[in-house]
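>>> Below is the structure, and that's it, no one-letter string:
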């Protein structure tokens, strides 16, 4: 970057860092990520604990098999002793026990005789009865253990990628939202900054010292670096916070976070060019909404479609969106996390987006060079580009 562009970039960064809106926005994004992580940590805070009260000597052998059955129920099963049936009933009714076994003959539950815990107790009952029958038949202890505790079947997983599909989709949803907010926010920064300079006539002074393309490049780079720092901070807080709070995350989180940052840069570069065009053709803040209206709809549409398509990550809609430059910055990283995407598709998507950025960068430079000093009412893009086409 040459000296003029570097000066403009530093100025843009300094101006935004002094902005209270920027500091508050950064704090709110970080706080939102922390709150989501805390909610996820609390909602997935370990196995559920279930308590079974045991009454009488015949019920005591249930203790060890019930504890062993806990993992199959995604729970930790604890046992306690009750002196009689009445005490066991009180424990279950008061919620101090989830079930009770009375003298090895009766199961007491609160309201659902077919719940999973009651089914586990019935299974233990059958195991103990079988053990007693085999023991009475004189089966040697080694054969008895082998019969009651056989080697588990080998499990063949046909689609191992689906093991944490829910977690991946949840993270992908958050990523799409963050990318949408970031691209929309930083793109509008570019357009707003251009209009502010035009409305205050500062741009006339600046352009007397440097060329329009240098001013535009410095503005886009400066705001991009600032946006990258803010966005990387939010992503880093999410990754580190997930590890600290022991939130279940996919194994590829770190590498995928880097991919998210890359797509943020591509998405920002793509839309910054478009927002620069939208800001250059107006000279008043009141006209900015009309010049960016169609562009805002494109960003919002890409976000909504990516959000919907993520419900079926292997569907045709998601595949198409991951290649189209306007939606690829949101769709492709989400699809990469949730689905099995060939490397060539990722490379092709990046290449198409870079090609679109190159074309739009030339367009933005032409529009900005021609319209930067035009004051007054909004000018049409066609009228701005007409002399540029003759000069090209």
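Looks like it came in fine. Quick caveat, the model's predicted, so the values are computed rather than measured. Numbering: from 1, shown residues only.

>>> just checking, next helix/strand downstream of whichever strand or helix holds residue 260?
Assigned by DSSP states H and E, residue 260 belongs to helix 253-280. Per DSSP H and E, the first helix or strand lying C-terminal to helix 253-280 is helix 285-309.

>>> Only the buried residues of that following helix, if you could.
In terms of neighbour count (16 or more other Cβ atoms under 10 Å), helix 285-309 has its buried residues at 287, 288, 291, 292, 295, 299, 302, 303, 305, 306, 307, 309. The C-beta positions use only the backbone N, C-alpha and C, and glycine is treated the same way.

>>> hang on, the earlier thing: now the angle from the helix holding residue 260 to helix 285-309?
Orientation note: helix 253-280 sits at an angle of 150 degrees relative to helix 285-309 (axes from the mean of the first three to the mean of the last three Cα atoms, to 10 degrees).

>>> so what does helix 253-280 touch, helix or strand wise?
helix 165-199, helix 212-244, helix 285-309, helix 328-338, helix 343-371 (3 or more Cβ pairs under 8 Å, 6 or more residues apart in numbering; DSSP states H and E).

>>> what's the average pLDDT for that helix?
For helix 253-280, mean pLDDT rounds to 85.

>>> how about low-confidence regions in the stretch 101-250 of the chain?
Scanning the stretch 101-250 of the chain for pLDDT under 70 picks out 112-115, 135, 139, 141-167, 201, 203-208, 247-250.

>>> hmm, 80 instead?
Residues of the stretch 101-250 of the chain that meet the criterion pLDDT under 80 lie in 111-118, 127-171, 196-213, 215-216, 235, 238-239, 242-250.

>>> okay, the buried residues of helix 285-309 in JSON lines with distance to residue 358 and pLDDT next?
Shown next, in JSON lines, are these (distance: Cβ to Cβ, whole Å; pLDDT from 0 to 100):
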{"residue": "287", "distance to residue 358": "29", "pLDDT": "79"}
{"residue": "288", "distance to residue 358": "26", "pLDDT": "82"}
{"residue": "291", "distance to residue 358": "23", "pLDDT": "84"}
{"residue": "292", "distance to residue 358": "22", "pLDDT": "86"}
{"residue": "295", "distance to residue 358": "19", "pLDDT": "90"}
{"residue": "299", "distance to residue 358": "20", "pLDDT": "93"}
{"residue": "302", "distance to residue 358": "20", "pLDDT": "93"}
{"residue": "303", "distance to residue 358": "24", "pLDDT": "93"}
{"residue": "305", "distance to residue 358": "24", "pLDDT": "93"}
{"residue": "306", "distance to residue 358": "23", "pLDDT": "92"}
{"residue": "307", "distance to residue 358": "28", "pLDDT": "89"}
{"residue": "309", "distance to residue 358": "27", "pLDDT": "90"}
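
>>> Just the buried positions in the helix or strand residue 131 falls within, please.
Assigning secondary structure by DSSP H and E places residue 131 in helix 116-136. Neighbour-count burial for helix 116-136 flags 117, 118, 120, 121, 124, 125, 127, 128, 131 (criterion: 16+ other Cβ under 10 Å).

>>> Residue 217: which of the residues you listed is nearest?
residue 117 (66.3 Å; Cβ to Cβ).

>>> Break the protein down into its domains, please.
3-42+166-391, 49-158 (automatic domain parsing).
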